[in-house]
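Undergrad: This is a predicted model, with the sequence first.
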Amino acid sequence: MIFFDVIVFACCCCYSYGVTGGNQPIQTFVIPHSHMDVGWVYTIQESMHAYAANVYTSVTEELSKVKDRRFIAVEQEFFRLWWDTVATDTHKKQVRQLVKEGRLEFIIGGQVMHDEAVTDLYDEILQMTEGHGFLYETFGVRPQFSWHVDPFGASATTPVLFALAGFNAHLISRIDFDLKDTMQKNKKLQFVWRGSPSLKSLQEIFTHTMDQFSYCTPSHLPFSNSSGFYWNGVALFPDPPKDGVYPNMSLPVTKETVHAYARTMVENIKQRAAWFRTNHVLWPWGCDKQFYNSSVQFNNMDPLMKYINQNSKELGVTVQYATLSEYFQAIYQSNLTWEVRESDDFLPYSTEPYQAWTGFYASRNVLKGVARQASSQLHSAETLFTQYRISFPDGPVAKDWAMDKLRALRWAVSEVQHHDGITGTESPKVADMYLQHLLQAMMGVEELLAALFLLPHNLDRPSIPSSHYHRQGVQQALEQHVVVYNPLAWNITTIISLTVTLPNAAVFDEEGQPLPAQIQRSAQSDVTYDLFFVVELGGLQHRKYLIKFSEKPCSGSSECSWTYEPEEILFERRNVQAGTKTGRGLLPVLNDCYELMFDQDTNLLHSITDLQGERKVMMTQDFWEYHANGDVKAGPISDNYIFSANSSAVRAYKAVQMEIIPGKIVSEIRQFFYREEGDKDYTYSIITRVPEYPGTKVRCHRLEQTYSLGPLHLNTEVILRTSSSLKNNRTLYTDDNGYQMMKRPYRKFTNNTLARNYFPMVRTAYIEDDISRLVLVSDRAHGVSSPAEGQLEVMLHRRLWNNLPWNLGYNLTLNDSSVVRPTLWMMLGSISATSMLYQREAIELQHRPVIMPIDQHQGPWQEKERRSNSPVRAVVLPSNLHLLSLSIPGWNYSANHDVHLSQIHSGVDLHSEPDYDRVLLRLMHLFEEGEDPELSKPVTINMKDVLQGIGEVKVMQERSLTGTWDITSLQRWKWKTADNAETKNKRWWTSRDEAFTVTISPKEIRTFFVHFSYRNH
């Protein structure tokens, strides 16, 4: 995506030739590339037709003609589509040769160039694993460098993941304009980044920050009105021109123009050289949607480079086509000592004083929510299918059919992680495309889950009739069977909520015993009811429950007497405005952890008392809105990307109505916010569920809140503001991609201070003082800030329009009229108590139990069936370890690299049947060093014992993050830093000699290939 401002510095007449000094010419690495957004303005299909397919076809043909030419390929989605649907056998043969020779180089290697601000750790790893698996299976190559030129800010998690994947260097571009200016002047655009404060130098990586020109070739030609160095012009949509003539094609390189071209290129090279420490200059040649006609590109650049090299002594510059690895190899061999950057990130990102790219943290809330739901569903299906394959390798769920379903969802979830996807910065038709791909794939995986739950596990048992989804008759309609699956490797006790259509119900477990339950009218509908009951599930276990409905009211002796039907308490609507008297009548809602007080004068929250910590914190929650400017002539605007707060937020409502439903399993507080006092329909709502179930197994500290917002008025950005008496000094903590927490002190700027103090919240945000901490965990990404003492505000929804021609031309104005319903879980407690809980809470919100209603098949439950469906042994990890992945990737390659390469070069069929025996398993330590006295310690487990509930482990081999490296053969480059002596002899992973025993240190992510012995059934 092109959308950055190039700042031209006046000091470009003074050049430095780097560390070599003297008369050594500047060595320029010209890196041909095409930035190919997997989405943004045009759909995947439109882009493939208009230019993307032609990029790979023409690049392949042109590189094959001249040995010196190079090209880097970045996003795998377009390449894989071209490879599978467009490339001829000749093209494929040429590509294999070019890859083998290192002239076509795959960079990053993921499905997409993922966003870094609003993406979740799991999804970043997924999309990289998918791309790397394809590349390694097909070509035997493993990307070792990144090219993160377009994500809007840089997370500290990304360099850690790239290091874990085996990368030797990382490249970023979009950081704050003023910071980049300072780094350029001080020659500090290159450094060694230690992204994790716990892993430190064990996962450090050399990082190159692109200069002010970023990833596009400077296009201004002083001798021509056309752009320079883009000889194939600008891509045309929807169809390429039949005559091959594109708009804005650069002036050809001829005898008459070559000197002027050379002078322009050399001046730019020297300007860049002044900002770096060596005399090696990375000169990206390309931009968005380039090289669809590689012939005209190379046929003009070839003579230009030849001319420069022929006059290198006079010009002081040499030029060569290069891949990124060739550039970084030259930097590495310079043998300099590099400055270390610790775990700070580069978020948020601004391009100008009034252009803070913090709006996209909340853009397209629905898409952000569906993307996370799809990711959660995928994780559940992966873990369940893996268990099924190990336990029932010959079961009736067809493995190829199952793998197709999983791969479709992997593709869709990977695709939407693109930096113009989950960010919400795409055009409406592209947002619709992402949603369509996600929802279609989710429907397929829903079928897979149903099959895994319902089909008999061996072929000797009778199959379920197809009518089990659509049973007829009243009796069957009054019984509902439900399967509940825990996709986490922890034992859980939690409250399940189901929406039902009848007001009377009883719940039974697999033994036919009644369970305590609660049923009440739904908050969002007058014709449905919410049914709550408590489930206890072991790690990776599922259980069946039976719900019996009755059309008659419950009597004292009937089965439904175990189900509590609470009475609603209604409170009249209250007008709320500045100066409203408060606190004259307070209503308590209590559980074992909290006393919540609600103010009858306002129907708002008044305070929360942490009963364990014996501290009362004053607290209110309500909705406010920023009014955005849509006229570029009137001042800064907000759009898909940018949040420009032209004034303080104002209250988004004038009246509040409240209902309280005191229950025995949950108590529910419903607050409805009306834009105007006399409005019939509310615009916003907060539904707070307070767990009431007695005993310690259900976590009483979890306050579950679901919100409803919209439709919004045009040019409004709505926040949930939680105002408390905590003295946090406006300091906020937010997570980087669900991996680690970042401290965000409030910073003052000359302009746009409020917007530049917004940060992405992927899973978690909190504020704290010396005693207490207020934590929010989220089911999707949002923007968060602490603009005043004790405040934590979350931007939940945006609806914008502006008249900026660029936005109008690409339909990027974010006129989002949807109603959104995000969920946050809130906790209040001591710092030590919440430190033990918040990370697991965030994961439990992301991976809530899978609930699958089914119709019963053929008669009532019999004892034989109960026994046959009894839960397998649970898979339970210590509470500070998380089962990040348990899947069957399906990629078919030898775990031995030399064997795999020999198979590729011998022409072995590379599209053979997927490998269904190899299981990919990842474990992650959740805690930082020193975060908790006990939970921050390294954990040693025996994997054979832990995984007994799945099967008997035969073989286990540690791999790199995406699985393509045997960890014992992975030797990343070690870059010189001032403190090298302290770490140079350390291995970057930990291991134990004892078979199947693993020690995992704070914040480590360990990846393994595991083979199980199949069970005999």
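TA: Yep, it's here. Numbers count the residues shown, from 1 in each chain.
Undergrad: what's the closest non-adjacent residue to the residue positioned nearest the centre of the chain?
TA: For the chain, the residue nearest the mean C-alpha position is Thr119 (2.1 Å; Cα atoms, centre = their mean). Spatially, and ignoring its direct neighbours in sequence, Thr119 is nearest to Gln417 (5.2 Å; Cβ to Cβ, 6 or more residues apart in numbering). For glycine as for every other residue, the C-beta is placed from the backbone atoms N, C-alpha and C.
Undergrad: right, and the helix or strand after the longest strand seen in the chain?
TA: Counting residues, the longest strand found in the chain (DSSP state E) is strand 615-627. Using DSSP states H and E, the helix or strand that follows strand 615-627 towards the C-terminus is strand 650-651.
Undergrad: Please name the strands paired to that following strand in the sheet, noting orientation.
TA: With DSSP bridges as the test, strand 650-651 is paired with strand 615-627 (antiparallel).
Undergrad: So what's the gap between the strand it pairs with and the chain middle?
TA: In terms of Cα atoms, centre = their mean, to the nearest Å, the centre of strand 615-627 is found 28 Å from the chain centre.
Undergrad: before we move on, back to that, the residue nearest to Thr119: what's it in contact with?
TA: Gln111, Val112, His114, Asp115, Thr119, Asp123, Glu124, Leu126, Gln127, Ala371 (Cβ atoms under 8 Å, 6 or more residues apart in numbering).
Undergrad: run the last query once more with 6 Å
TA: Listed by Cβ atoms under 6 Å, 6 or more residues apart in numbering, the contact partners of Gln417 are Val112, His114, Thr119, Asp123, Gln127.
Undergrad: List the buried residues in the longest strand of the chain.
TA: By neighbour count on 16 or more other Cβ atoms under 10 Å, the buried set for strand 615-627 is Val617, Met619, Gln621, Asp622, Phe623, Trp624, Glu625, Tyr626, His627.
Undergrad: Among the contacts of Gln417, which one lies nearest to Ser785?
TA: Nearest to Ser785 among these is Thr119, at 20.0 Å by Cβ to Cβ.
Undergrad: Okay, strands next: where are they in the stretch 51-200 of the chain?
TA: According to DSSP state E, counting those that start in this stretch, the stretch 51-200 of the chain carries its strands in the segments 71-73, 104-106, 169-172, 190-193.
Undergrad: Quick check: mean pLDDT of the second one?
TA: Averaged across strand 104-106, the pLDDT comes to 98.
Undergrad: got any ranges where the protein has weak pLDDT?
TA: Scanning the chain for pLDDT under 70 picks out the ranges 2-22, 456-477, 555-558, 696, 856-871, 908-911, 981-993, 1015-1017.
Undergrad: Ala781 versus the residue nearest to Thr119, what's the distance?
TA: In this view, Gln417 and Ala781 are 11 Å apart by Cβ to Cβ, to the nearest Å.
Undergrad: And Arg389, by the same measure?
TA: 33 Å.
Undergrad: Counting neighbours, go ahead and name the busier of those two.
TA: Ala781 (31 against 23; other Cβ atoms under 10 Å).
Undergrad: Please list all residues in contact with the more buried one.
TA: By Cβ under 6 Å, 6+ apart, Ala781 lies in contact with Val118, Lys368, Val762.
Undergrad: now swap in Val617 and tell me
TA: Residues near Val617 by Cβ under 6 Å, 6+ apart: Ile608, Ser724, Ser725.
Undergrad: in the sheet, who's paired with it?
TA: When assigned by DSSP bridges, Val617 has beta-bridge partners Ile608.
Undergrad: And Glu105, by the same measure?
TA: When assigned by DSSP bridges, Glu105 has beta-bridge partners Ile72.
Undergrad: And the helices in the stretch 151-300 of the chain, which stretches?
TA: 157-164, 177-185, 258-273, 294-310 (DSSP state H, counting those that start in this stretch).
Undergrad: export the third one as CSV, just CAs?
TA: Read it as helix 258-273. C-alpha atoms of helix 258-273 as CSV (Å, rounded to 0.1, in the frame of the first residue of the first chain):
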residue,chain,number,x,y,z
VAL,A,258,20.8,7.5,-19.7
HIS,A,259,23.1,10.2,-18.2
ALA,A,260,20.2,12.1,-16.7
TYR,A,261,18.8,8.9,-15.3
ALA,A,262,22.2,7.9,-13.9
ARG,A,263,22.7,11.3,-12.2
THR,A,264,19.2,11.0,-10.6
MET,A,265,19.8,7.5,-9.3
VAL,A,266,23.3,8.2,-8.1
GLU,A,267,22.2,11.3,-6.2
ASN,A,268,19.5,9.3,-4.4
ILE,A,269,22.0,6.5,-3.6
LYS,A,270,24.4,9.0,-2.1
GLN,A,271,21.7,10.6,-0.1
ARG,A,272,20.8,7.3,1.4
ALA,A,273,24.4,6.3,2.0
